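**Q** I'll drop the sequence and a predicted model, then ask my questions.
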Amino acid sequence: IRDIILLKSSKLHIKPFKRYSGVPGLFSHPVYEQTRIMYERENSLLLSASASALCNNLAVINRKAGKSGGNATNIAVVHQNNINIIPVTESEKNKPVFLTVHSNGSVLCEVTQVLWCDLGFEVVLVVGSTLGLHIYDRDGVELLFSHPCIDGPEEEYNFVKGIATLNNEVLCVGNSSGVLRVFGVLDEETCLSFMDRKEGHMDAITDIASIDYRLASADDSGVICLWYFNGTELLQIATVDTFGSAVTSLFLWKDWLAAAYGSGHIRIFDSSKINYTYDGSRPVTAVRLLTETAAHARYITAMDVALGVDYLLTASEDSYVKIWRVCKNIM
């Protein structure tokens, strides 16, 4: 894969209608009929190299960095130990950045995830790899901070996976040993300082998501853990048991937690009705499943949510990109 296709959103008409159930006087639930294509193809961006077959292998930075919405200005895609940073705007298209992550010795490196994060003092490019955590400036030119974030034996395949911020004040990252690390945001000169370390998973962490001071983390066995940050440490407040397949992508918004699975399923959980104490003394409980659907025939590789309209987008190894409407009546 050497191209990225940009899509332009167009007006979507959704017409609800009642479908007759076959029983006199009884109708089934409303069915929503889509009458117009939601996105139109604009143009393509050429990558400097191919894209690795990684889940969530596309990062975007908007003009309104740190906020939802806005048009993309740069995108980043991982290929082995390289990061393609491609400007989207016409004036910058001839200035791509090709960032290579490597060690000082002969150790081979693979980048596992990239994400632009707002740390309060500035927007930075956060990179997870088999060498640990690396933080670069917004353009991916200057290395600001690094940390090994490795807990397994050196002879094993160790990597960082899962990146999220809590209210632009705390950076959280996961790794292949199932460990979450928390870094406090200091200032532009010092960047970050280590705050906490939690062993919440028995398997490699696949993704993490956050909203305000709440965090969700998932692992390769399909277990999801919900956390709350009390200002000094992460407290585990709830768990979601495995459904027999790896969780590939997470998203927290409103009172919902959306999870995509390797089985092709999407599941949405209620994250609002969890009674817990901020000191972590309350026993960890389960989370209520609101709805689920067999969305794809194969592995779901990425998921995102349009926050203003509650549209959920999924991409899969079955070659389909699908857009779902999350209805309020799932509650």
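**A** The structure has been received and is ready for your questions. Numbers count the residues shown, from 1 in each chain.

**Q** what sits against the closest residue to Asp207 other than its chain neighbours?
**A** Leaving aside its chain neighbours, Asp207 sits nearest to Leu250 (4.8 Å; criterion: CB to CB, 6 or more residues apart in numbering). All C-beta spots, glycine's among them, are computed from the backbone N, C-alpha and C. Counting by CB atoms under 8 Å, 6 or more residues apart in numbering, Leu250 makes contact with 207-209, 216-218, 224, 257-260, 303.

**Q** at 6 Å instead, please
**A** With contact set as CB atoms under 6 Å, 6 or more residues apart in numbering, Leu250 has these partners: 207, 209, 216, 218, 259.

**Q** Could you check how far the second one is from Val141?
**A** Computed with CB to CB, to the nearest Å, the distance linking Ala209 and Val141 is 28 Å.

**Q** between the two, which one's more packed in?
**A** Regarding Ala209 and Val141, a neighbour count based on other CB atoms under 10 Å identifies Ala209 as having more, with 24 against 11.

**Q** List the contacts of that one.
**A** Contacts of Ala209 (CB under 6 Å, 6+ apart): 164, 216, 250-252.

**Q** Show me the shaky parts of the stretch 51-200 of the chain.
**A** Scanning the stretch 51-200 of the chain for pLDDT under 70 picks out the ranges 63-70, 90-94, 104-107, 188, 190.

**Q** residues near Ala204, how many?
**A** Neighbours of Ala204 under the rule other CB under 10 Å: 21.

**Q** Backbone dihedrals for it, please?
**A** Here is the backbone geometry of Ala204 (degrees, to the nearest 10): phi -60, psi 140.

**Q** Double-check it against Asp220; I have them as touching.
**A** Yes - Ala204 is in contact with Asp220 according to CB atoms under 6 Å; the separation is 4.7 Å.

**Q** Over to stretch 117-132 now: how far is its first residue from its last?
**A** This stretch, stretch 117-132, spans 17 Å end to end (CA to CA, to the nearest Å).

**Q** Tell me the buried residues in that stretch?
**A** If you call a residue buried by 16 or more other CB atoms under 10 Å, then stretch 117-132 has these buried ones: 117-120, 123-132.

**Q** With distance to Tyr228 and secondary structure as extra columns, can I get those in CSV?
**A** As requested, the buried residues of stretch 117-132 are exported to CSV (distance: CB to CB, whole Å; DSSP: H, G, I helix; E, B strand; the rest coil):
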residue, distance to Tyr228, secondary structure
Cys117, 20, strand
Asp118, 21, strand
Leu119, 20, coil
Gly120, 20, coil
Val123, 25, strand
Val124, 24, strand
Leu125, 27, strand
Val126, 22, strand
Val127, 27, strand
Gly128, 23, strand
Ser129, 28, strand
Thr130, 30, coil
Leu131, 30, coil
Gly132, 26, strand
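
**Q** farthest-separated two in these?
**A** Gly120 and Thr130 (28.5 Å; CB to CB).

**Q** related to what we said a few turns ago, any chance of the contacts of Ala209 in a markdown table, plus distance to Lys198?
**A** Below are the contacts of Ala209 laid out as a markdown table (distance: CB to CB, whole Å):
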| residue | distance to Lys198 |
| --- | --- |
| Ala164 | 14 |
| Ala216 | 13 |
| Leu250 | 16 |
| Phe251 | 21 |
| Leu252 | 17 |
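
**Q** All set, thanks.
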